[in-house]
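Trainee: Sequence first, then the predicted structure, then my questions.
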Amino acid sequence: MTKHLTIVTHPLVQHKLTLMRQKDTSTAGFRQLLREISMLLAYEITRDLPLTMRGIETPLVEMESPVLKGKKLALISILRAGNGLLDGVLELIPSARVGFIGLYRDEKTLKPVQYYFKVPEGLDSRRVIAVDPMLATGNSSVAAIDLLKKAGATDISFMCLLAAPEGVKRMHEAHPDVPIVTAALDKRLNDVGYILPGLGDAGDRMFGTK
């Protein structure tokens with residue numbers, strides 16, 4: 001674990017990840033596990049959210065009690081697979097603003113191609129969490145963070161299910177100010193840019209498209 005990369009080693013996270021890696025896990029099971037694990041990862045990535053004190057009344061007394069400070073969070077899903085993580089985070093933070101970045105990977109060049117961009121206003125004063133299950137080559141993630149910074153975001157974190165060393169290195173070189181939270185750092189990429197040992201294509205497994 002470094003300041004730039006946090007690997008969540010909690011037993012529940014690791015257990016659920018093992019179930020997701022298995023090739024015979026059903027589409028419904030994969031989707032449910034992704035939702036559950038995203039809530040646990042969200043717990044870690046929001047650990048340092050700023051708080052302020054507010055006066056409230058309990059059934060017995062008045063007291064000063066902590067509440068979240070500042071504007072609501074902005075959650076940014078990198079389509080399409082990011083939606084699987086987004087759903088779980090929204091369970092935990094239902095008041096968050098939500099945005100979407102549409103990118104797909106050109107299978108020949110492995111470079112990202114943008115097809116959609118819609119994010120909340122005021123990103124310059126919000127904590128922004130970008131979500132995408134797989135940090136493989138890092139090209140799509142870097143492109144997404146580039147777009148968020150151009151839209152004004154200055155406080156950005158990135159949450160993924162799995163990361164490859166190549167993707168972490170690429171992200172760190174391009175955006176050293178963006179911390180990464182993941183459930184596992186796998187061994188490497190194969191010759192077509194998939195994470196090994198990985199779990200296959202997260203989008204296809206989540207939506208049953210292959």
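Mentor: Looks like it arrived, so ask away.

Trainee: Now do the longest helix along the chain: which elements does it pack against?
Mentor: Determined from DSSP state H, the single longest helix within the chain is helix 27-45. With contacts defined as 3 or more C-beta pairs under 8 Å, 6 or more residues apart in numbering; DSSP states H and E, helix 27-45 has these neighbours: helix 11-21, helix 82-92, strand 127-131, strand 155-159, strand 180-182, helix 202-207. For the C-beta atoms, the positions are set from N, CA and C on the backbone; glycine is no exception.

Trainee: so residue 5 makes contact with residue 185?
Mentor: Yes - between residue 5 and residue 185 there is a contact under C-beta atoms under 8 Å: 7.2 Å.

Trainee: one step back: could the helices and strands packed on helix 27-45 be laid out in TSV, adding mean pLDDT, mean neighbour count and distance to residue 148?
Mentor: Formatted as TSV, the helices and strands packed on helix 27-45 follow (pLDDT from 0 to 100; neighbours: other C-beta atoms under 10 Å; distance: least, C-beta to C-beta, whole Å):
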stretch	mean pLDDT	mean neighbour count	distance to residue 148
helix 11-21	96	16	26
helix 82-92	90	21	13
strand 127-131	95	26	6
strand 155-159	96	22	6
strand 180-182	96	24	14
helix 202-207	84	20	21
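
Trainee: Could you save these as TSV and add columns showing distance to residue 46?
Mentor: Putting the helices and strands packed on helix 27-45 into TSV (distance: least, C-beta to C-beta, whole Å) gives the following:
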stretch	distance to residue 46
helix 11-21	15
helix 82-92	8
strand 127-131	8
strand 155-159	9
strand 180-182	10
helix 202-207	22
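
Trainee: Figure out which of these is closest to residue 52.
Mentor: The closest of the helices and strands packed on helix 27-45 to residue 52 is strand 127-131. By C-beta to C-beta, the value is 14.3 Å.

Trainee: export that closest one as CSV, just CAs?
Mentor: Provided in CSV are the C-alpha atoms of strand 127-131 (Å, rounded to 0.1, in the frame of the first residue of the first chain):
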residue,chain,number,x,y,z
ARG,A,127,-15.0,15.3,-4.1
VAL,A,128,-15.1,13.3,-7.3
ILE,A,129,-14.9,9.5,-7.3
ALA,A,130,-14.5,7.9,-10.7
VAL,A,131,-15.4,4.2,-10.9
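
Trainee: Go ahead and name everything in contact with it.
Mentor: Strand 127-131 is contacted from outside by 38, 42, 45-46, 49, 70, 73-78, 82, 85-86, 89, 101, 141, 144-145, 148, 153, 155-160, using C-beta atoms under 8 Å, 6 or more residues apart in numbering.

Trainee: cutoff 6 Å now
Mentor: Strand 127-131 is contacted by residues 73-77, 82, 85-86, 144, 153, 155-159 when judged by C-beta atoms under 6 Å, 6 or more residues apart in numbering.

Trainee: now do stretch 63-83
Mentor: Defining contact as C-beta under 6 Å, 6+ apart, one finds that stretch 63-83 is touched by 49-56, 86, 89, 93, 95-102, 120, 123, 125-133, 144, 202-203.
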